[in-house]
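Engineer: give me a model of this one.
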Amino acid sequence: MKRIKPALFHVFIFVFALVISGYAFAGQPRTAFINAAVYTMNPKAPHAQAVVIEGNRIIYVGDTKTAKKIVDQNTRVFDLKGKMLLPGFIESHMHPSIGGLLAGVGQLDQSGTKEQYLAGVKKAVDERKCEPMITLMGFTPEMFGPDGPTAKDLDVVESEKPVMIIDNDGHSMWVNTAALKMAGVTKDTPDPLPGGHYYKRDRDGNPTGWCIEPMTYAPFIAKMDISPEDINKGNDQFFPVLSSFGITTVFDAASPMEELSFKAYADLERKDKLPFRVFGCHSIANPALLPTAVDDLSRLKKEYDSRLFKVNVMKVVYDGTLDAKSCAMFDDFANDKGNKGFELIPPQMLNDFVRKCDDAGFNIHIHAIGNRAISDVLGAYENLKKAKGLTPTRKTICHVQFFMPDTVERLKALGDVTAQTTPLWMIRDDVTEPAVGKTAYEMQALFNSLDKAGVRVTFGSDFPASTGIKGLNPFNEIEVGHTRRDLGKKDSNFLPPADERLPIDTLLRGYTINGAYQLGMEKDIGSIEVGKLADLIVLEKNLFKQKNSDIHNNQVLLTVMDGNIVYDAMKDKKAHKKSNK
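Structural biologist: So this is what the prediction gives:
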């Protein structure tokens, strides 16, 4: 018997595998990436030189020589000349529908004194005098002292037209008297969730103009008469930014206009204008909503679930935020004695609700920042595991800022709970230690310990709650997660402990294959493997060869989502052309 030459044998095996897998010779357009530094996120074959896609699926991962043998004269070939090729970034927690609405919103400069800031507010308001109501973004409550900003402060700037200013992390809003009147928010207006989502009030019970947590925004949003078309006008501006950052999948972690956002996504997909995959959720922050929550999510899934827009996550906001001193802690806030924060939902209700969501087959994503909140959420997941063992739903705890000594071991023992956070928050600041004390301050975001313990970790921007576009850029997030220092400041003090700095490989897994697992999509996205969907990005620089303080200067040159190029900044247009073969 005549022996087949090794090279031909490998090609034969490759083609045979394609045929039996159903991905070859389907008559769809092919694209090849050759001479690349491919980092696949597949632990069995982490590196490659070439990738070939047909339609929206990957049909080959391997060496350039073999890739050239399977392209034809109609194949579009990208010679990457050593550039890094990765799976598309997966944003595991952000609010893109809010980002679309805020695309045209003025961003305020908060540097300088309070007087300089207010002068900037006046300038921004004057520039928008033609608008019936004025919305801006950018303030820190601390600038105004313990009682926060007031309508009177804003009335000095504008007293006739409604003005609404959203804070840096999206968890509070500052309004003037005209806005309060427009929305009908008065002394008699009940707080949506007393102690949790509430209107700051004076001694007589009158709202001061500081609206704390998003449920308080509802009366103002209702007066804006927002439509899905309005949302998509902003999305047309905002979504290309996501593609330019290499983001091909997002988890939309809630919007105050939930169903309007769903309709906007559905409209974009019908028009073939949705440039990334979206996973939507039904969000709960009030125990009064628990009885119907699973049925409500079931209805939303039935009505809106599609190929690119999936609706299968129950989001639970369990505690508040550090800024509002409302995250649930075991100890009093150091600068607010008697206040330990709070849970928005009683722990036993959370236990029962987690079980109910799991029984219905829905993935669960729970917001927990304070160490007591994190402990309660882990307890709910532990009770579920004790009752049912490991189940196929995906369970996530997000933010996970303040750890207890047993947090890592409890997450490790659970085995199937993903820990999600925003690396850009892993820096020193002037607010956190005075608020929580030294011990809690040095127990923040111990995500390298989680990764070493085998816990899946994922990363996302929480945009717009992460300093806007700065936080949305994954390279900024990766650099800070890797250094625990301010961007580009290699000599700045890092956030302790030093051994919690995350390796680049861990950060990339968190932005790719682990993100896919969180969403229940690891069989289709998150790594570069034959048969998976073609979500790919080309980087200007190799992340493993960059200086730590230079990672934020990297950029995406090409983004492919579902086999389609949705962003192209390749400088050498000759780098992609039809094969001459």
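Engineer: low-confidence regions, the stretch 1-150 of the chain specifically.
Structural biologist: Residue ranges of the stretch 1-150 of the chain with pLDDT under 70: 1-27, 100-106.
Engineer: what ranges do the strands span in it?
Structural biologist: Here the stretch 1-150 of the chain has its strands, by DSSP state E, counting those that start in this stretch, at 30-34, 37-39, 47-48, 50-54, 57-62, 76-79, 84-87, 89-94, 106-107, 134-137.
Engineer: what's the answer for the stretch 151-300 of the chain, then?
Structural biologist: With DSSP E, counting those that start in this stretch as the criterion, the stretch 151-300 of the chain has strands spanning 163-166, 172-175, 198-201, 207-212, 247-252, 277-284.
Engineer: most tightly packed of the ones you listed?
Structural biologist: Comparing the strands of the stretch 151-300 of the chain by mean neighbour count (mean count of other C-beta atoms under 10 Å), strand 247-252 comes out on top with a mean of 28. In short, each C-beta sits where N, CA and C put it, glycine included.
Engineer: can I get the CA coordinates of it in CSV?
Structural biologist: In CSV, the C-alpha atoms belonging to strand 247-252 read as follows (Å, rounded to 0.1, in the frame of the first residue of the first chain):
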residue,chain,number,x,y,z
ILE,A,247,-16.9,43.9,21.9
THR,A,248,-19.0,41.2,20.1
THR,A,249,-21.3,40.1,22.9
VAL,A,250,-22.8,42.1,25.8
PHE,A,251,-24.8,41.2,28.9
ASP,A,252,-27.3,44.1,29.3
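Engineer: can you list the buried residues in the host helix or strand of Gly471?
Structural biologist: Secondary-structure assignment from DSSP states H and E places Gly471 in helix 469-472. For helix 469-472, burial by neighbour count (16 or more other C-beta atoms under 10 Å) applies to Ile469, Gly471, Leu472.
Engineer: for the following helix or strand past that helix, which outside residues touch it?
Structural biologist: Sequence order places helix 474-483 as the next helix or strand after helix 469-472, per DSSP H and E. If you take C-beta atoms under 8 Å, 6 or more residues apart in numbering as the criterion, helix 474-483 is touched by 89, 245-247, 422-424, 426-427, 447, 459, 461, 470-471, 486-488, 490, 494, 501-504, 507-508, 511, 543, 548-549, 551-555.
Engineer: return the subset of those residues lying in helices.
Structural biologist: Counting by DSSP state H, those place Phe447, Lys470, Gly471, Ile504, Leu507, Leu508 in helices.
Engineer: Gly55: how many residues sit nearby?
Structural biologist: By other C-beta atoms under 10 Å, 17 other residues sit near Gly55.
Engineer: give me the nearest residue to it, chain neighbours excluded.
Structural biologist: Once flanking residues are discounted, Gly55 sits nearest to Gln28: 3.5 Å by C-beta to C-beta, 6 or more residues apart in numbering.
Engineer: wait, the one you found touches Val52, no?
Structural biologist: No: counting by C-beta atoms under 8 Å, Gln28 does not reach Val52; the two are 11.8 Å apart.
Engineer: which of these two has more neighbours?
Structural biologist: Under the neighbour definition other C-beta under 10 Å, Gln28 and Val52 were set side by side, and Val52 has more, 24 against 13.
Engineer: how much space between the residue found closest to the more buried one once you drop the neighbours it is linked to in the chain and Val538?
Structural biologist: Spatial nearest neighbour of Val52, excluding adjacent residues (C-beta to C-beta, 6+ apart): Tyr60 at 3.9 Å. Separation of Tyr60 from Val538 (C-beta to C-beta, to the nearest Å) stands at 17 Å.
Engineer: what is the burial count for Gly531?
Structural biologist: 15.
Engineer: give me the contact list for stretch 127-141.
Structural biologist: Contacts for stretch 127-141 (C-beta under 8 Å, 6+ apart): 102, 105-110, 117, 121, 124-125, 148-149, 158, 161-168, 172, 174, 179, 182, 210, 223-224, 323-324, 464, 468.
Engineer: buried stuff in that stretch?
Structural biologist: Applying a neighbour-count criterion of 16+ other C-beta under 10 Å, one finds Arg128, Ile134, Thr135, Leu136, Met137, Gly138, Phe139, Thr140, Pro141 buried in stretch 127-141.
Engineer: just stretch 414-423 next, same as before
Structural biologist: Quick answer for stretch 414-423 (16+ other C-beta under 10 Å): Leu414, Asp416, Val417, Thr418, Ala419, Gln420, Thr421, Thr422, Pro423.
Engineer: relative to Ala328, which of the strands of the stretch 1-150 of the chain is closest?
Structural biologist: Evaluated with C-beta to C-beta, these place strand 89-94 nearest to Ala328, the distance being 19.0 Å.
Engineer: do you know which of the strands of the stretch 151-300 of the chain lies nearest Ile565?
Structural biologist: strand 247-252 (11.5 Å).
Engineer: Pro275 touches Met561, doesn't it?
Structural biologist: Yes: when contacts are counted by C-beta under 8 Å, Pro275 is listed as touching Met561 (6.1 Å).
Engineer: more neighbours, the two?
Structural biologist: Neighbour count, other C-beta under 10 Å: between Pro275 and Met561, Met561 has more, with 26 against 20.
Engineer: any common contacting residues for Pro275 and Met561?
Structural biologist: Ser243.
Engineer: so who does Thr248 touch?
Structural biologist: Gly88, Phe89, Ile90, Phe276, Arg277, Ile525, Asp535, Ile537, Thr559, Val560, Met561, Val566.
Engineer: grab the nearest non-local neighbour of it.
Structural biologist: Excluding its sequence neighbours, the residue lying closest to Thr248 (C-beta to C-beta, 6+ apart) is Gly88, at 2.8 Å.
Engineer: export the strands of the stretch 151-300 of the chain to JSON lines and tack on mean pLDDT and distance to His365?
Structural biologist: JSON lines is the format used below for the strands of the stretch 151-300 of the chain (pLDDT from 0 to 100; distance: least, C-beta to C-beta, whole Å):
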{"stretch": "strand 163-166", "mean pLDDT": "91", "distance to His365": "22"}
{"stretch": "strand 172-175", "mean pLDDT": "92", "distance to His365": "22"}
{"stretch": "strand 198-201", "mean pLDDT": "94", "distance to His365": "24"}
{"stretch": "strand 207-212", "mean pLDDT": "94", "distance to His365": "22"}
{"stretch": "strand 247-252", "mean pLDDT": "98", "distance to His365": "7"}
{"stretch": "strand 277-284", "mean pLDDT": "97", "distance to His365": "6"}
